[in-house]
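S.K.: Here's my sequence, what's the structure:
(chains A and B)
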Amino acid sequence: MNAVVEAVRAVEETPWVMPTLDYKLLAPILIILGAGVVSVLFEALLPRAARRPAQLVLVFVSLVAALVSIIALQGSRSLSGRGALVVDGPGLIMQGTIVIIAILGAMLMAERGLDPSGDAFAARASALPGSEDERQFTARGYFQTEIWPFFLFAVGGMLLFPVANDLLMMFVALEVMSLPLYLLTGMARRRRLLSQEAALKYFVLGAFSSAFFLYGAALLYGYTGTISFPGIAAAVSSTTGQTGLLLVAVALLGAGLLFKIGAAPFHQWTPDVYQGAPTPLTGFMAAAVKIAAFGALLRLFYVALGGMRWDWAPMLWVVAILTMLIGSVIALTQSDIKRMIAYSSIAQAGFILVGVVAATPAGLAGALFYLIAYAFTTIGIFAIIMMVRDENGEATHLSKWAGLGRRSPFVATIFAVFMLSLAGIPLTSGFIGKFSVFTAAIAADDTWLVIVAVIASLIAAFFYLRVVVLMFFTEATDETAEVAVPSVFTTVALAAGATVTVLLGIYPQPLLDLIINAGVFVR
Amino acid sequence: MNVYTPILVLGLLAFGFAVFSAVIAPITGPKRYNRAKVDAYECGIEPTLQPIGGGRFPVKYYLTAMLFIVFDIEIVFLYPWAVAFDRMAVFGLIEMVLFIVTVLVVYAYVWRRRGLEWD
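M.R.: The predicted model follows:
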């Protein structure tokens, strides 16, 4: 009993230090999360008809405000909240890209011109698939506007993820980002059962990977006695012998984050979730989650664990090789366009990992450029997948894409450009991305890793080009899908994706300069 | 690379133990079958019959339980604040009010969507 009294007295006598919160540094995150709270209030208080316009205004105004505040922060390098958050050049570039991708993603989610019965989300997510209830809700034109608060909270978590500077903040960001996405995955309007199955798989496996992350965080705290990244870096560099606990902690933390970027052997959820989730959400998720999770992975491995690069590099070599080869090879056998793009995204994650393993400023810059190029291409790809339809909704089977280039040459040409960009053909953003990542890896003496990456790129080029051949050099049949005419929302998102893909391929220098000038992470 | 050897050995030990347990149990364990043994969960309670293909079940209890957890967590955070209230002064008060407001927003949502009505 005495010990307890002593402990309480000790706590009471410790002086309380007021945390310094620089609200300007936190502004982008606070704007988005605040808008999320207001968005929930809109759902609670507004009449049904007023919800969608109010939510759309709120979403776009808050995203633009967040983008403006990120641009205003340009050049700042400082810590906030007692070092729990850090605002630096790479972090701001990732935040800025996430917000722009979120604007384009919100446009895809707001699209109502494609599906005759409404948007891509279920009329009532709680209605049993195929039931009379569901038919009634659809017939009466119900819409689920709760997607908007979920979306805003997910974006808030993504903004927090790459700037989190301690293990706890990183875990909170991971969960704030993931939980709304699990729910949104299960809300597709068509093929409800597939969508719900995807949501359940994503949730169960995601919870599992979060547990891995937490276990790793606990072990790393046990080893170093601190959760802050600079503190961990100091403890790791002064360590002698006995690194078993440390290595297990790094492996577990890595597993948690590699799951989110969809790297092998933690990639199994990707095809199911990409296929089952509502297509606009898949586009947003495929682009933005990759940026946020790679941001967190880069900061953890470069800042906190930078001193033990030679210990974690072998682990990431193996993961990168597996990811590139598994993604490229299995994508060859896919007959569904969404699943094919899912495996392609796994392969792309592997290519970005080649830059991560280099652990040099050039590797960081290459990974950042690759992420930005990949994100814009991906959002464009899913905009087109939304538009290619038959009477049952989106025509995702590849056989229905045969001869599309003859029916709708314009849309098919844009899709071909996206495919060439992912394949890494010159004059597209994907080529510059691959080039900068591979040069960084060669400079870091990972030549044989680059050789594997080039082989994987060649395999991947085959299935990207196969789609192009299918669209342009195959006769159209009765099965061939139609390209629906979208509203201004999807048109703008698609145009932005295509423009950036081509522009970064022809004139990448401004973005490369921006990334180089952003420097490295604050340590 | 040899820093990874102990981890590999540990992994092999864990794998070996799992395989050993899974193999030895059916060989040495007694087998006495009855109806309860073939149920999905052998927990002493008869499983409730479900309509084929799913069917619906009320989530009223689930909603109440969720609300309870939300407010329970709120209290968890209020306790340490109450203990250190005097020293955290105005900053602590503002932070706590902000926290309670966000919980209230969720409460307002549940209330407006008739989550508090039992029937």
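S.K.: Tell me how many other residues crowd residue 59.
M.R.: This is for chain A. When neighbours are counted by other CB atoms under 10 Å in any protein chain shown, A:V59 registers 26. Every C-beta, even on glycine, is put in place using the N, C-alpha and C of the backbone.
S.K.: was after chain B, sorry
M.R.: Residues near B:V59, counting by other CB under 10 Å, number 12.
S.K.: next one: A:P314
M.R.: A count of neighbours around A:P314, defined by other CB under 10 Å, yields 13.
S.K.: residues in contact with the helix or strand harbouring it?
M.R.: According to DSSP states H and E, A:P314 maps onto helix A:309-331. If you take CB atoms under 8 Å, 6 or more residues apart in numbering or on different chains as the criterion, helix A:309-331 is touched by A:243, A:246-247, A:250-251, A:254, A:258, A:263-265, A:267, A:301, A:305, A:340, A:343-351, A:353-354, A:356-357, A:359, A:446, A:449, A:452-453, A:456-457, A:459-460, A:463, B:1, B:3-4.
S.K.: Isn't A:T439 up against A:G366?
M.R.: Yes: assessed by CB atoms under 8 Å, A:T439 is found in contact with A:G366 at 7.2 Å.
S.K.: hang on, the earlier thing: taking the contacts of helix A:309-331 one by one, which sit in strands?
M.R.: Applying DSSP state E to those, no entry is found in strands.
S.K.: Now, of those residues, which are buried?
M.R.: Neighbour-count burial (16 or more other CB atoms under 10 Å in any protein chain shown) applied to those gives A:243, A:246-247, A:250-251, A:254, A:258, A:263-264, A:267, A:301, A:305, A:340, A:343-351, A:353-354, A:356-357, A:359, A:446, A:449, A:452-453, A:456-457, A:459-460, A:463.
S.K.: got the residues of chain A near chain B?
M.R.: Proximity of chain A to chain B is confined to A:16, A:18, A:37, A:40-41, A:43-45, A:128, A:243-244, A:247-248, A:251, A:311, A:314 under the rule CB under 8 Å from any CB of the partner chain.
S.K.: okay, and the helix or strand of chain A with the least pLDDT?
M.R.: helix A:2-13 (a mean of 72; mean pLDDT, DSSP states H and E).
S.K.: Now do the contacts for the residue nearest to A:F431 when sequence neighbours are not counted.
M.R.: Distances taken as CB to CB, 6 or more residues apart in numbering or on different chains place A:G424 nearest to A:F431, at 5.1 Å, with adjacent residues excluded. For A:G424, the contact set (CB under 8 Å, 6+ apart) comprises A:G430, A:F431, A:G433, A:K434, A:S457, A:A461.
S.K.: List the buried residues in the helix or strand hosting the second one.
M.R.: Following DSSP H and E, the helix or strand that holds A:F431 is helix A:429-443. For helix A:429-443, the neighbour count (16+ other CB under 10 Å) marks A:429-442 as buried.
S.K.: Show me what it is packed up against.
M.R.: helix A:337-358, helix A:361-387, helix A:409-423, helix A:447-472, helix A:488-506 (3 or more CB pairs under 8 Å, 6 or more residues apart in numbering or on different chains; DSSP states H and E).
S.K.: Kindly report the residues of chain B close to chain A.
M.R.: B:1, B:3-4, B:6-7, B:54-56, B:84, B:87-88, B:91, B:102, B:105-106, B:108-109, B:111-113.
S.K.: which of those residues are buried?
M.R.: B:M88, B:V105, B:V106, B:Y109.
S.K.: taking these one by one, which sit in helices?
M.R.: Of those, the ones assigned to helices by DSSP state H are B:M88, B:V105, B:V106, B:Y109.
S.K.: pretty sure the third one contacts A:V40?
M.R.: Yes: with contact taken as CB under 8 Å, B:V106 and A:V40 are classed as touching, separated by 6.8 Å.
S.K.: what's the overlap in contacts for these two?
M.R.: Common contact partners of B:V106 and A:V40 (CB under 8 Å, 6+ apart): none.
S.K.: And A:Q509, how far from chain B?
M.R.: Taking CB to the nearest CB, to the nearest Å as the measure, A:Q509 falls 40 Å from chain B.
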